[in-house]
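**Student:** only geometry, no sequence info:
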């Protein structure tokens, strides 16, 4: 039950706080398992940009989760 609540909280944060680019990079990298090079190619961005976007998205998720819990 606790895992389900955690998942639901994180999903809500992703849906409400991340923009489309952040959600897409997060999805491709963390859920689909693509490398940064593959994410960059699919998103038409640089590898470094993909890394920065993912880092900022994760930070937003962490900080928002801490604030609401």
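**Tutor:** Structure received. Note that this is a predicted model, so its numbers are computed, not measured.
**Student:** which stretches of this protein have low pLDDT?
**Tutor:** Applying pLDDT under 70 to the chain flags the ranges 1.
**Student:** center of the chain, which residue is that?
**Tutor:** residue 26 (3.3 Å; C-alpha atoms, centre = their mean).
**Student:** Name the residues that touch stretch 26-35?
**Tutor:** 14, 18, 36, 38-39, 42-43, 50, 54, 57-58 (C-beta atoms under 8 Å, 6 or more residues apart in numbering). For every residue, glycine as well, the C-beta is placed using N, CA and C.
**Student:** can you give me the end-to-end distance of it?
**Tutor:** 11 Å (C-alpha to C-alpha, to the nearest Å).
**Student:** related to what we said a few turns ago, quick one: what helix or strand has the residue nearest to the centre of the chain in it?
**Tutor:** helix 20-26 (DSSP states H and E).
**Student:** Point out the other helices and strands that whichever helix or strand comes after that helix packs with.
**Tutor:** As assigned by DSSP H and E, the chain's next helix or strand after helix 20-26 is helix 36-43. Applying 3 or more C-beta pairs under 8 Å, 6 or more residues apart in numbering; DSSP states H and E, one finds that helix 36-43 contacts helix 20-26, helix 47-68.
**Student:** Turn these into a markdown table, columns for distance to residue 32.
**Tutor:** Listed next are the helices and strands packed on helix 36-43 as a markdown table, based on distance: least, C-beta to C-beta, whole Å:
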| stretch | distance to residue 32 |
| --- | --- |
| helix 20-26 | 10 |
| helix 47-68 | 13 |
